[in-house]
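> model the following, please.
(one chain, ligands or ions: 1)
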Amino acid sequence: MNTSRRTVMAAGLAAGVAATSVGTAHAAPAHAAPGRTPTKTLFGTLADGTPVHLWAVANGGIRLEVLSYGGLVHRLDVPDRHGHRANIALGFDNLADYVAKSPYFGGLIGRFGNRIGAGKFTLDGHTYQLPLNDGVNSLHGGTKGFDKQMWHVEPFAGRSGTGLVLSRISPDGEMGYPGTLKVQVTYTLTARGEWRIDYSATTDRATVVNLTSHTYFNLAGEGSGPVYDHTLELAAARYTPVDAGLIPTGELARVSGTPLDFRRTKPIGRDIRTSHQQLLYAKGFDHNWVLDKGRTSHPEYALTLAEPRSGRVMKMYTTEPGMQFYSGNFLDGTLVGTSGHIYRQGDALCLESQHFPDSPNHPEFPSTVLRPGQTYRTSTVHAFSTR
Ligand code: GLA
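You can find the predicted model right below:
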């Protein structure tokens, strides 16, 4: 770590001690370091007149911009080894594109990350039908998932860091899912240069929940070309193979001897053109890795993503048992991103901590069922550094 980065972190720590209360911008102590408390500006207006705000959070050298629409990550500015910050998250420069054509850029995904086969599941003897938005399957919570809903946002600045608490109440039956789901998602930037996400939810009827974040990362900077040179280490000896519709077969297969083996760090592009049936189905990587650590009560190590030119490194730690690694296979040159560049296939990758896709139809997978009286809690940490 270089000196300038250490200075930034020390400043963040000092401010963290000063600003101990959780509250709004007005509640922050007058002596808090500038930029410590999240700021709010108008980003755009939905067709029905609803204003959408952009919240900017900065700490530990990192800067995060989040929209109240979709709770989505609009920008994530992270320093390279020389201290130069770049936006490493794909997005759009306007609200209309997020609403009309976003492939879940930065989105807060719910109620259920990834696919539910035939958009159908049975719980306590009752069968629920969800909207189909991915061929014959339901993807990422349906046609109007959490990434397309408005969120209530409260800023905070305290000892744990600075950030935003996003909340919403998903009504009983929304997108076909049972139960009134009260959801709270906290984005925290810590003084150590971490972006942490804490998810929690409660329900008044038995339901299924699997929340995640769909940020498209390019550690060289959004719009700078493909991510094939990024190296990835994934602490997973197994993955969940899929059928042609990308629904898990139920098997937990070994990665050993396949292009899906990332146990030793390797460039993402090295094996991406191997004619392995799983890569043909997905047009690249779009699979759920079974993390060796399993489901844990505290975030534990899952992966290291690194980009050689900028020196940016992102490590992920999670409580979740699975990680969807998607290599941006469906980006096809039709979207113009935040800085005006066209996004093409492989221009970013997603790393979505989660329970396994289609879990409601696989009793052998870790359960995604949430019942009244229980609290759903998961956490994921993205720790940034340089090398
Ligand atoms: C997830 C899915 C992919 C794709 C992307 C969004 O990663 O697994 O198949 O739907 O989201 O395009």
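
> tell me the contacts of Asp261?
Going by C-beta atoms under 8 Å, 6 or more residues apart in numbering, Asp261 touches Val255. In this view, the C-beta of every residue, glycine as well, is placed from N, C-alpha and C.

> what helix or strand is it located in?
Counting by DSSP states H and E, no helix or strand carries Asp261.

> give the contact list for the residue in the stretch 1-150 of the chain that the ligand sits nearest to.
Residue nearest to the ligand within the stretch 1-150 of the chain: Pro103 (4.1 Å; C-beta to the nearest ligand atom). Taking C-beta under 8 Å, 6+ apart, we find Pro103 in contact with 330-331, 335.

> got the phi and psi for it?
phi -80, psi 50 (degrees, to the nearest 10).

> now it: how far from Asn329?
Distance, Pro103 to Asn329, using C-beta to C-beta, to the nearest Å: 10 Å.

> please name the bridge partners of the residue of the stretch 251-387 of the chain at minimum distance from the ligand.
Proximity of the stretch 251-387 of the chain to the ligand (C-beta to the nearest ligand atom) peaks at Tyr326, 3.3 Å away. Beta-bridge partners recorded for Tyr326 (DSSP bridges): Asp286, Cys350.

> what is the burial count for it?
Other residues lying near Tyr326 total 22 when counted by other C-beta atoms under 10 Å.

> what do you get for the one 4 residues further on?
Here the count is done by other C-beta under 10 Å, and Phe330 has 12 residues near it.

> can you tell me the closest non-neighbouring residue to it?
Once flanking residues are discounted, Phe330 sits nearest to Pro103: 6.3 Å by C-beta to C-beta, 6 or more residues apart in numbering.

> one more: Phe92?
Nearest residue to Phe92, sequence neighbours excluded (C-beta to C-beta, 6+ apart): Tyr98, at 5.4 Å.

> same question for Gly225.
In space, Gly225 is closest to Asp347, 6.5 Å off (C-beta to C-beta, 6+ apart).

> now do the same contact list for the one you found.
Applying C-beta under 8 Å, 6+ apart to Asp347 gives the contacts 90, 218, 223, 225-227, 328, 331.

> how close does it get to Arg81?
Distance of Asp347 to Arg81, given as C-beta to C-beta: 22 Å.

> check Phe217 too.
Phe217 sits 17 Å away from Arg81, going by C-beta to C-beta.

> out of those two, which sits in the busier spot?
Neighbours were counted for Phe217 and for Arg81 using other C-beta under 10 Å; Phe217 has more, 23 against 16.
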